[in-house]
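Chemist: This is a predicted model, with the sequence first.
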Amino acid sequence: MRIELLPGLTNVIRFPVERRARPTLDLLREIAPDPREVGNVAEAFGLDYPVAGLRDAADAGTAEYIREHVPNEPGEVRRAALQRVLEPLLTQAVAACREAHDAAVAASEVHQELVRAQTEGGYWIEPLQTRAEALSGRAAELLVQAHLCSEEAEGAARAVRIAERGETWAPVDRDAEFAEAFGLARSA
């Protein structure tokens, strides 16, 4: 087991409860990668970053699936069916986030080992550098994948929330959300 300290502190150990916790939307939001970081990493490593519209597409696809396969009658059967729609996506997204975190930690440890070898004058620097670069590339790929899985789960969660409330699904209106978030009144 690796000891993980709280950021900025040298004497407080962090216990990673997300390793044992059941995958939920709250847990996913807590461990999901920052989209700005993902964009920067994808650009730095030359990776495709096809996130535009993914959340909305997952939202629409899930709403269509719910309309066709989930019973319309309100009650426990419908609620359980809606949770069965969302659970696999949450499980996949949380697992992807965990895997991306583990890969980033492994890459960081090898980079630290490389710096120590360079400082101490080791002679196996080139293979170590190759390994560090390979692990960093893999960590970058997993970070992008974790973000894509998180976006898909968030989109599906919106459709499930709307279905749980018994409302009719409609696509997201980004302009209305922006106006509401910043208190801007739209003129008619």
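Modeler: Nice, I can see it.
Chemist: Now stretch 145-161: buried residues?
Modeler: 145-160 (16 or more other C-beta atoms under 10 Å). Any C-beta I mention is one placed from the backbone N, CA and C, and that applies to glycine too.
Chemist: Stretch 33-44 too?
Modeler: Buried residues in stretch 33-44, counted by 16+ other C-beta under 10 Å: 33, 38, 41-42.
Chemist: Using JSON lines, lay out the residues you listed together with secondary structure and pLDDT.
Modeler: Output for those, formatted as JSON lines (DSSP: H, G, I helix; E, B strand; the rest coil; pLDDT from 0 to 100):
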{"residue": "Pro33", "secondary structure": "coil", "pLDDT": "93"}
{"residue": "Val38", "secondary structure": "helix", "pLDDT": "93"}
{"residue": "Val41", "secondary structure": "helix", "pLDDT": "94"}
{"residue": "Ala42", "secondary structure": "helix", "pLDDT": "93"}
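Chemist: how about those residues in TSV, adding distance to Ala60?
Modeler: TSV is the format used below for these (distance: C-beta to C-beta, whole Å):
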residue	distance to Ala60
Pro33	24
Val38	23
Val41	28
Ala42	24
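Chemist: Flag the shaky bits of this structure, pLDDT-wise.
Modeler: 1-20, 185-188 (pLDDT under 70).
Chemist: residue ranges for the helices of it, please.
Modeler: Remark: helices assigned in the chain by DSSP state H are 25-31, 35-45, 54-69, 76-120, 125-165, 174-181.
Chemist: now for the longest one, which elements pack on it?
Modeler: Contacting helix 76-120 under the criterion 3 or more C-beta pairs under 8 Å, 6 or more residues apart in numbering; DSSP states H and E are the following elements: helix 25-31, helix 54-69, helix 125-165.
Chemist: tell me the most buried of those helices?
Modeler: helix 125-165 (a mean of 19; mean count of other C-beta atoms under 10 Å).
Chemist: now it and helix 76-120, what's the angle there?
Modeler: 160 degrees (axes from the mean of the first three to the mean of the last three C-alpha atoms, to 10 degrees).
Chemist: and the nearest residue to Ile31 once chain neighbours are set aside, how far is that from Pro50?
Modeler: Leaving aside its chain neighbours, Ile31 sits nearest to Cys97 (4.6 Å; criterion: C-beta to C-beta, 6 or more residues apart in numbering). Computed as C-beta to C-beta, to the nearest Å, the Cys97 to Pro50 distance reads 18 Å.
Chemist: Alright, that wraps it up for me.
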